[in-house]
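K.L.:
Coordinates for the following, if possible.
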Amino acid sequence: MSMLPAPSSGARGSHVSRLAPPGSLTKRIREGSVDLESGLDAKKSRMEEPGASVTNLAKSMSKSMMNIADKAKPAAGRVGTAGRVGIAAGGSKPKVSVTRPGADRRQTTTALNDRTNSSKSRPGLAREKSSSVRGPAGAEKPAGKAASSKRPAWDLKGRLEDMERMFDHTNRRVEDLETEKQTLQTDVEVKKEVVVQSSEEIRTLRSNIERSEQELENLRRSLRDKEEQFNEETVRLKRQLEDEQYTKSSLERRLKGLEDELSSKQTEVAGLKNSVAELSSSRAGVEASLSGAKTELEAARTQILALKTESERKSEEIKTSLAAQEEMQAKLRWEESERRKLHNLVQELKGNIRVFCRMRPLLGEEKDGVDEIRHVNIQGEKTLELIKTVDSANESIAGGLNKNMKYDFEFDRVFGPTSSQADVFAEISQLVQSALDGYNVCVFAYGQTGSGKTFTMEGGPAIEDDESECGMIPRTIRQIFEVQEKLKEKCWQYKLQASFLEIYNEEIRDLLTSDTNHKCEIKMSDSKGTDLHVTNLKSEEVTSESQIASMIRRARKNRAQAKTLCNERSSRSHSVFMLRIEGHNTATKETCCGTLNLVDLAGSERIKDSGSEGMRLTEAQAINKSLSNLGNVIMALAQKNSHVPYRNSKLTHLLQNCLGGNTKTLMYVNISPKEECFSETLKSLRFATKVNQCNIG
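P.N.:
Got it, this is the predicted structure:
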């Protein structure tokens, strides 16, 4: 919205002042304020005049328009101020050229103001002239005198003349005001037109400013987008430049390599040219050789035809041989079954209980002062003689009972001090074969303490380094693996499960675990059967010979041993190595299951000789009791008693299935070469003789 321009000082000066000149005695004429009489007369004259109402309406309209103009001035000032502030605030923005519309508006406003001021100045000047002329003419006396003197009340004529002069002056003043009013109305209309034009210009300018600001914002946004695109393009070009530089360096390296390769190829081509020349010279010789090779090829083709004929004939022979081989395989399987039966028959003919006797050699300090073993005379492979000699100093003591005596014994085999572990095992290898055939086999070593039972069954301390010291247990496993490989050709497959335990003071302990709280008990596998098994006993599948050596090492570490007067390392328990062998024939669907028990019995000892006491005494009593019960069981079997006391000890209860029925049993009786152990040796040989005379099965 536009405002009217404030009149300048020059314009205000052009109006005629309504105040009385300084020094005049004339009363100041105020608009709408006159004397009572003149006011009444003026009122009457206005009421009488027909155009009085129009004049008052025009006055009120003039005042209202002037008020509107006065109110519009502050608003216009604010608009102008806002415009200036907006321009100042946008100083940082790009400048917009708006000078031409503003210049036009200022020119128009200036022209209108000049026109208005000129129109105002003319009535004022006329009014001033009339007042200056008429003032003195209307007064009969000087102005100073008229102002200072007042007509008396009785001078009605004079007073009437004064009233007429005042009325004329008032009418002239009204006419001047009417003229001024018309002039002001004309100015108001002009100002309105100026305001309308200014408002339109302002709206146009504002729209132009908004459009320019929008364009400016678009230009800024476009500039930012262009800058971003430029930055992205710069980065892309830099990367592309780096890639091109890298490609250039790669191509330069490749070019250098190709140049080197080209030089080498050129050298190679030169060498090839020489080779081509040499080959061309040798071509004639090759062609000559080729003609000879063609001849040889023809001969070879003839020979190939002959070989094909021979191959077909051989194929027919192979088919015939395969059929014969299959027939032989079936025959071998049948013969294997027959061999098992015959082998078992031979073992039964030899006796289900066999006894071997073995005497160990003298060791260490035992050789001091002793050239040979005189009290034991091995007469052959199956007989030995035990000789008791009496010193001359002791001849008077019970002379009849202490004279020289000889005891003859006969067993299935007798091994002297020079016999090796291999010689001893050769005799029991047939029993190992029986275990593979599905029979129960039991081999146990019996004898006094220190007679070499543990060495016979397990071997010496260096069995992993010295194969000759290996006892019956590792040699048995070795034979089983060898036979197992051979029987694979006959479609036999075997599975081996091994466990190791000891019977210490009538208590079963697992030697493969170090847990002493591991309780084991003997139970029946089936309420209707006779098979026994030990509860909580660890069983390991055997897949190699080294595994058995590890098991023996763990068992030795956990087995109960102690030092006595008779033996520095005396076994204080019976150890039992149990190997379960399960076989299956994939061709004939035959199955077999056998158990091999290798028992190292604790040595019998005389308590007065061993000096056992305390815990050693308890162990010796338990050992002698279990060995005595073993003798009672064997005697009951030999006498065919209806009741065999297997359950009198844990040892006989555990070996129940190995001491009767079709079980193959072998007992090693080990004797000491020391002459001071004569009584224990005689006792062991007599017990072995009783066992050898027993016939079971």
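K.L.:
low-scoring stretches of the stretch 1-150 of the chain, by residue?
P.N.:
Residue ranges of the stretch 1-150 of the chain with pLDDT under 70: 1-149.
K.L.:
quick one, strands of the stretch 151-300 of the chain?
P.N.:
Assigned strands in the stretch 151-300 of the chain: none (criterion: DSSP state E, counting those that start in this stretch).
K.L.:
At which residues are the strands of the stretch 351-500 of the chain located?
P.N.:
So, for the stretch 351-500 of the chain - with DSSP E, counting those that start in this stretch - the strands run 353-359, 376-378, 383-388, 405-410, 413-415, 441-447, 492-504.
K.L.:
Who are the packing partners of the longest helix seen in the chain?
P.N.:
Secondary structure assigned by DSSP state H gives helix 156-350 as the longest helix of the chain. Counting contacts by 3 or more CB pairs under 8 Å, 6 or more residues apart in numbering; DSSP states H and E, helix 156-350 is packed against helix 36-48, helix 52-89, helix 99-138, helix 421-436. All C-beta spots, glycine's among them, are computed from the backbone N, C-alpha and C.
K.L.:
That helix vs strand 353-359, what angle?
P.N.:
Between helix 156-350 and strand 353-359, the angle comes out at 90 degrees (axes from the mean of the first three to the mean of the last three CA atoms, to 10 degrees).
K.L.:
for stretch 639-655, which positions count as buried?
P.N.:
Buried positions in stretch 639-655, judged by neighbour count with 16 or more other CB atoms under 10 Å: 644, 646, 648, 649, 650, 651, 652, 653, 654, 655.
K.L.:
correction: stretch 207-215
P.N.:
For stretch 207-215, the neighbour count (16+ other CB under 10 Å) marks 209, 212 as buried.
K.L.:
Just name the most buried of the strands of the stretch 351-500 of the chain.
P.N.:
Mean neighbour count, computed with mean count of other CB atoms under 10 Å, is highest for strand 441-447 among the strands of the stretch 351-500 of the chain, reaching a mean of 26.
K.L.:
any idea of the angle the longest helix of the chain forms with strand 441-447?
P.N.:
Computed with the same axes, to 10 degrees, the direction of helix 156-350 lies at 70 degrees from that of strand 441-447.
K.L.:
Helix 156-350: how far from the chain's middle?
P.N.:
Relative to the centre of its chain, helix 156-350 is centred 32 Å away, using CA atoms, centre = their mean, to the nearest Å.
K.L.:
any idea of the mean pLDDT for that helix?
P.N.:
Averaging pLDDT along helix 156-350 gives 88.
K.L.:
same question, stretch 672-688
P.N.:
Per-residue pLDDT over stretch 672-688 has a mean of 88.
K.L.:
One more: stretch 405-417?
P.N.:
Averaging pLDDT along stretch 405-417 yields 90.
K.L.:
In a strand, residue 537, correct?
P.N.:
No. Using DSSP: H, G, I helix; E, B strand; the rest coil, the assignment for residue 537 is coil, not a strand.
K.L.:
dump the residue contacts of it.
P.N.:
Residues in contact with residue 537 (CB atoms under 8 Å, 6 or more residues apart in numbering) are 499, 501, 508, 510, 520.
K.L.:
and it, how far is that from residue 497?
P.N.:
11 Å (CB to CB, to the nearest Å).
K.L.:
for the strands of the stretch 351-500 of the chain, which one sits closest to residue 327?
P.N.:
With CB to CB as the criterion, residue 327 lies closest to strand 492-504 of these, at 19.1 Å.
K.L.:
Sheet partners, orientation included, of the next helix or strand after that closest one?
P.N.:
Downstream of strand 492-504, the first helix or strand assigned by DSSP states H and E is strand 507-510. Looking at strand 507-510 with DSSP bridges, its partner strands are strand 492-504 (antiparallel).
K.L.:
thinking again about what came up before, which one of the contacts of residue 537 is nearest residue 266?
P.N.:
For the contacts of residue 537, the nearest to residue 266 is residue 499 (80.6 Å; CB to CB).
K.L.:
can you put the strands of the stretch 351-500 of the chain in a markdown table and add distance to residue 586?
P.N.:
Putting the strands of the stretch 351-500 of the chain into a markdown table (distance: least, CB to CB, whole Å) gives the following:
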| stretch | distance to residue 586 |
| --- | --- |
| strand 353-359 | 34 |
| strand 376-378 | 48 |
| strand 383-388 | 48 |
| strand 405-410 | 46 |
| strand 413-415 | 38 |
| strand 441-447 | 25 |
| strand 492-504 | 7 |
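K.L.:
So which of those strands is nearest residue 684?
P.N.:
Nearest of the strands of the stretch 351-500 of the chain (CB to CB): strand 441-447, 5.2 Å.
K.L.:
Look up phi and psi at the residue of the chain most remote from its centre.
P.N.:
Here the chain reaches farthest from its C-alpha mean at residue 154, the gap being 134.4 Å by CA atoms, centre = their mean. With angles defined as degrees, to the nearest 10, residue 154 sits at phi -80, psi -10.
K.L.:
ok, now residue 506?
P.N.:
phi 60, psi 30.
K.L.:
That one against residue 647, yeah?
P.N.:
No. Counting by CB atoms under 8 Å, residue 506 does not reach residue 647; the two are 11.6 Å apart.
K.L.:
Am I right that residue 520 sits in a helix?
P.N.:
No. Residue 520 is assigned coil when assessed by three-state DSSP, not a helix.
K.L.:
rewinding a little: would you turn the buried residues of stretch 639-655 into JSON lines with pLDDT and secondary structure?
P.N.:
Formatted as JSON lines, the buried residues of stretch 639-655 follow (pLDDT from 0 to 100; DSSP: H, G, I helix; E, B strand; the rest coil):
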{"residue": "644", "pLDDT": "87", "secondary structure": "coil"}
{"residue": "646", "pLDDT": "88", "secondary structure": "helix"}
{"residue": "648", "pLDDT": "89", "secondary structure": "helix"}
{"residue": "649", "pLDDT": "90", "secondary structure": "coil"}
{"residue": "650", "pLDDT": "90", "secondary structure": "helix"}
{"residue": "651", "pLDDT": "89", "secondary structure": "helix"}
{"residue": "652", "pLDDT": "88", "secondary structure": "helix"}
{"residue": "653", "pLDDT": "89", "secondary structure": "helix"}
{"residue": "654", "pLDDT": "87", "secondary structure": "helix"}
{"residue": "655", "pLDDT": "84", "secondary structure": "coil"}
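K.L.:
Give me the three-state assignment for the residue lying closest to residue 505 once chain neighbours are set aside.
P.N.:
Closest residue to residue 505 apart from its sequence neighbours, by CB to CB, 6 or more residues apart in numbering: residue 622 at 4.7 Å. Using three-state DSSP, the structure places residue 622 in helix.
K.L.:
what about residue 622, neighbour count?
P.N.:
A count of nearby residues for residue 622, using other CB atoms under 10 Å, gives 22.
K.L.:
how far away is it from residue 503?
P.N.:
Distance from residue 622 to residue 503, by CB to CB: 9 Å.
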